[in-house]
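Colleague: I'll drop the sequence and a predicted model, then ask my questions.
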Amino acid sequence: MTRRKRPRARLAGLAALVLTATAFAGPAQAARGAAPRAADHQATQRAIDAAVAAGIPGITVEARDAHGVWKSASGVGDRQTGAPRGKNDRFRIGGLTDTFVATVLLQMEAEKKLSLDDTVDRYLPGLVTGNGNDGRKITVRELLNHTSGLFDYLAVKDYYETYSLGDGFLQHRYDTLTPEQRVKVALGQAPLFAPGARFSFSNTNDVLAALIVEKVGGGSYEDEVRERIIEPLRLRATSNPGDSIGLPQPSGRGYSKLFLSQPDRIDDVTELNGSQLWGNGDIISSAADLNRFYGALIRGKLLPPQQLKELTTTVANPDFPGATYGLGIEKITLSCGTPLWFRDGGTSGWLTMAALTEDGRHQLAFNYNSDWGPETLIPILNAEFCDTPAASGPGSHA
């Protein structure tokens, strides 16, 4: 498998690469089209234990299905003290933030406050310009499905080395950044292609989408997310950090391999100014809250039918054949024939996955307190959605 080098903060891309390559190439665990049988989640427990044995410090996980709610954890939440990873830990969800932003914009469309086919320039006049970038030719929809062509600010070498890698991260982790500063970094680069031509994931799109939320709503993006999603769904473990640097409790520590020349070195990167992830990776949540959110979303509890259809209308991802991308959500079919909606997200110290069946009734969310090991994601998905329960093994950790 060939992987292109990507900035650590874009680990969602790495996860998607592994996900796509393995989901279709791996051996089927059940007859194609067969209903998943994972009532006791023993296979999932074994899979997260195996990921920890392979080098992930700790994993927290929750699954929901017709049999109820299952919670578990494996490994450590603090490598220094040896404290175990908690079943109710809060963590930075990285790119899953995008789904919250997309949901707010779709709600605004349903309220006739905007159209996804409006141009970016209509709401952010003059912001997207220079080096061939033109906000008059990019629509809101193209931001959400990542067909805008805008360069990813996190892929700009100078920015990456300053804020995501090695000594740069350690020296600048407490810096406060504005969204406009990060957009400006991207606009220093020419677009990858004409708007609408193809898919290419760019964190720049998500920052601009959050700025449009503020322009249309007249307040902060954080307030819109709280009032429209967090409070109605009672997501008590979900919050936006602003420019704070820590995590609310309960939580573990987050770890990163910041130094490419020292692959065995592991740094504690828990503390990070939340403004550096504003709009595209800042939200803090738990596995339970993510399941509640994605389940409600796919089951039509947050959007009218027309907007739900738009959310789930996907475009092909040529970088990862077989995967498709909607508006802040992705789709793939596992080798056993189970189609899933999912979203993976990585940021310094954390890697998160939420996945659910098409009807939204079988859900899985889990988090690594590390930003490496995306190749271990697929066995966990297969275990939950494909494997049949074993006759023996660890019991439920509910």
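Modeller: Received, thanks. Residues are numbered from 1 along each chain as shown.

Colleague: residue ranges of the strands in the protein, please?
Modeller: Along the chain, counting by DSSP state E, strands occupy 58-65, 68-75, 91-92, 129-130, 133-134, 255-256, 267-268, 284-285, 315-316, 324-325, 330-333, 339-347, 350-357, 363-368.

Colleague: mind listing what's buried in the second one?
Modeller: For strand 68-75, the buried set under the neighbour-count rule, 16 or more other CB atoms under 10 Å, comprises 70-75. Any C-beta I mention is one placed from the backbone N, CA and C, and that applies to glycine too.

Colleague: thinking again about what came up before, tell me which of the strands of the chain approaches residue 229 most closely.
Modeller: Using CB to CB as the measure, strand 284-285 is the one of these that comes nearest residue 229, at 10.8 Å.

Colleague: Show residues contacting that closest one.
Modeller: Strand 284-285 is contacted by residues 90-93, 96, 235, 237-241, 247-248, 293 when judged by CB atoms under 8 Å, 6 or more residues apart in numbering.

Colleague: now do 6 Å
Modeller: With contact meaning CB atoms under 6 Å, 6 or more residues apart in numbering, strand 284-285 is reached by 90, 92-93, 237-239, 241.

Colleague: neighbour-wise, which of those leads?
Modeller: Each of the contacts of strand 284-285 was scored for neighbours by other CB atoms under 10 Å, and residue 93 scores highest at 33 neighbours.

Colleague: need the contact list for that residue.
Modeller: Residues near residue 93 by CB under 6 Å, 6+ apart: 283, 285, 345, 352.

Colleague: Might you report the residue contacts of residue 135?
Modeller: Residue 135 neighbours (CB under 6 Å, 6+ apart): 120-121, 128.

Colleague: what's the span of stretch 328-346, first residue to last?
Modeller: 14 Å (CA to CA, to the nearest Å).

Colleague: do stretch 135-155 as well
Modeller: 20 Å.

Colleague: in it, what counts as buried?
Modeller: Buried residues in stretch 135-155 (16+ other CB under 10 Å): 135, 137-155.

Colleague: just stretch 184-197 next, same as before
Modeller: Those would be 185-187, 189, 191, 195, for stretch 184-197 by 16+ other CB under 10 Å.

Colleague: Please apply the same query to stretch 214-233.
Modeller: Residues of stretch 214-233 classed as buried under the neighbour-count rule (16+ other CB under 10 Å) are 214, 216-217, 221-222, 224-226, 228-230, 233.

Colleague: what about the stretch 51-200 of the chain, any weak spots by pLDDT?
Modeller: For the stretch 51-200 of the chain, no stretch is flagged by pLDDT under 70.

Colleague: mind listing the helices for it?
Modeller: Per DSSP state H, counting those that start in this stretch, the stretch 51-200 of the chain carries helices over the ranges 97-110, 120-123, 140-144, 157-163, 166-172, 179-187.

Colleague: With distance to residue 206 as added columns, please give those helices in TSV.
Modeller: Converted to TSV, the helices of the stretch 51-200 of the chain look like this (distance: least, CB to CB, whole Å):
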stretch	distance to residue 206
helix 97-110	5
helix 120-123	13
helix 140-144	7
helix 157-163	15
helix 166-172	21
helix 179-187	10
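
Colleague: So for residue 56, which of those helices sits nearest?
Modeller: That would be helix 166-172 among the helices of the stretch 51-200 of the chain, by CB to CB, at 20.1 Å.

Colleague: which parts of the closest one are buried?
Modeller: 166, 168-169.

Colleague: how far does that helix sit from the chain's center?
Modeller: Remark: helix 166-172 is offset 23 Å from the chain centroid, using CA atoms, centre = their mean, to the nearest Å.

Colleague: Check stretch 145-156 too.
Modeller: Worked out by CA atoms, centre = their mean, stretch 145-156 lies 16 Å from the chain centre.

Colleague: what number of residues lie near the residue lying closest to residue 254 once chain neighbours are set aside?
Modeller: Distances taken as CB to CB, 6 or more residues apart in numbering place residue 349 nearest to residue 254, at 2.6 Å, with adjacent residues excluded. Look at residue 349: counted by other CB under 10 Å, it has 26 neighbours.

Colleague: Quick check: residue 349 touching residue 251?
Modeller: No: counting by CB atoms under 6 Å, residue 349 sits too far from residue 251 to count as a contact (11.0 Å).

Colleague: sorry, back to before: now the contacts of strand 284-285 as CSV including distance to residue 310?
Modeller: Converted to CSV, the contacts of strand 284-285 look like this (distance: CB to CB, whole Å):
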residue, distance to residue 310
90, 30
92, 28
93, 23
237, 28
238, 24
239, 27
241, 29
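
Colleague: just these now: which is nearest residue 326?
Modeller: residue 93 (17.7 Å).

Colleague: any idea how far that closest one lies from residue 76?
Modeller: Distance, residue 93 to residue 76, using CB to CB, to the nearest Å: 20 Å.
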